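Engineer: sequence isn't available, so here's the structure alone:
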């Protein structure tokens, strides 16, 4: 049985992971939500207008009322630069999938790995999951490198398992970490 905590504030050496706020709309829009370089491998298109970002944030912020809702703003240098969410939370199987994106100006600095490791640890230590998964498009190998840096094991490919906004189906590469692997990792660090 999972011990839900909701989206708790997490800190790392360079980042604060916190709940989104509606006031984050402009920064989210400017830093990643309207950037086709960031969204090209995601299931949603660039937002086009900040009003679209604001409407999305209104829904996300309403979700924080639930203890089983996990959606973090990644804050670096005082501004939101990306997002990281616990998606497809499965109570029965005690598992969660992580989904994330980061503004282009913050790529290749190790920030996403830092954020993913913090959220991974939170889900194992606080929520009590048995399994954490990360899936990414094969055309986005940087996302796979994040998973590898955080100790996740590549399990395989789900063929044409997701549909892009343009109607094309694409594969997903699956990485996962099990509780016993996380415990071994924490003992060795």
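Structural biologist: Sure, I can see it. Since we're looking at a predicted model, the values are computed, not measured.
Engineer: what is the mean pLDDT for stretch 58-76?
Structural biologist: Confidence for stretch 58-76, expressed as mean pLDDT, is 96.
Engineer: and it, what's buried?
Structural biologist: Of the residues in stretch 58-76, those buried by neighbour count under the rule 16 or more other Cβ atoms under 10 Å are 60, 63, 69, 70, 71, 72, 73, 74, 75, 76. C-betas here are computed from N, CA, C, even on glycine.
Engineer: how about the first one, what does it touch?
Structural biologist: When you say that, I think you mean residue 60. Residue 60 sits next to 20, 71 when contact means Cβ atoms under 8 Å, 6 or more residues apart in numbering.
Engineer: now it: which helix or strand?
Structural biologist: For residue 60, the enclosing helix or strand under DSSP states H and E is helix 50-63.
Engineer: so after that helix, what's the next helix or strand?
Structural biologist: If you walk from helix 50-63 toward the C-terminus, the next helix or strand you reach (DSSP H and E) is strand 70-76.
Engineer: list the helices and strands that next one packs on?
Structural biologist: In terms of contact count using 3 or more Cβ pairs under 8 Å, 6 or more residues apart in numbering; DSSP states H and E, strand 70-76 is assigned the packing partners strand 16-19, strand 79-90, strand 95-102, helix 111-122.
Engineer: show me how far it is from its chain's centre.
Structural biologist: Strand 70-76 has its C-alpha centroid displaced from the chain centroid by 9 Å (Cα atoms, centre = their mean, to the nearest Å).
Engineer: identify the residues contacting that strand?
Structural biologist: Applying Cβ under 8 Å, 6+ apart, the contact partners of strand 70-76 are 6-7, 10, 14-21, 24, 28, 60, 63-64, 80-86, 89, 96, 100, 102, 106, 111-112, 115, 119, 123.
Engineer: secondary structure class for residue 186?
Structural biologist: Recorded secondary structure, residue 186: helix (DSSP: H, G, I helix; E, B strand; the rest coil).
Engineer: now for it, how many residues are close by?
Structural biologist: Residue 186 is surrounded by 12 other residues when neighbours are defined as other Cβ atoms under 10 Å.
Engineer: which residue is the nearest non-sequential neighbour of it?
Structural biologist: Ranked by Cβ to Cβ, 6 or more residues apart in numbering and with sequence neighbours excluded, the top spatial neighbour of residue 186 is residue 121, at 7.8 Å.
Engineer: one step back: quick one: the helix holding residue 60 to strand 70-76, angle?
Structural biologist: Using axes from the mean of the first three to the mean of the last three Cα atoms, to 10 degrees, one finds that helix 50-63 and strand 70-76 are set 130 degrees apart in direction.
Engineer: picking that back up, reformat the buried residues of stretch 58-76 as JSON lines; add distance to residue 164.
Structural biologist: Conversion of the buried residues of stretch 58-76 to JSON lines gives the following (distance: Cβ to Cβ, whole Å):
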{"residue": "60", "distance to residue 164": "22"}
{"residue": "63", "distance to residue 164": "24"}
{"residue": "69", "distance to residue 164": "26"}
{"residue": "70", "distance to residue 164": "25"}
{"residue": "71", "distance to residue 164": "22"}
{"residue": "72", "distance to residue 164": "25"}
{"residue": "73", "distance to residue 164": "25"}
{"residue": "74", "distance to residue 164": "24"}
{"residue": "75", "distance to residue 164": "29"}
{"residue": "76", "distance to residue 164": "28"}
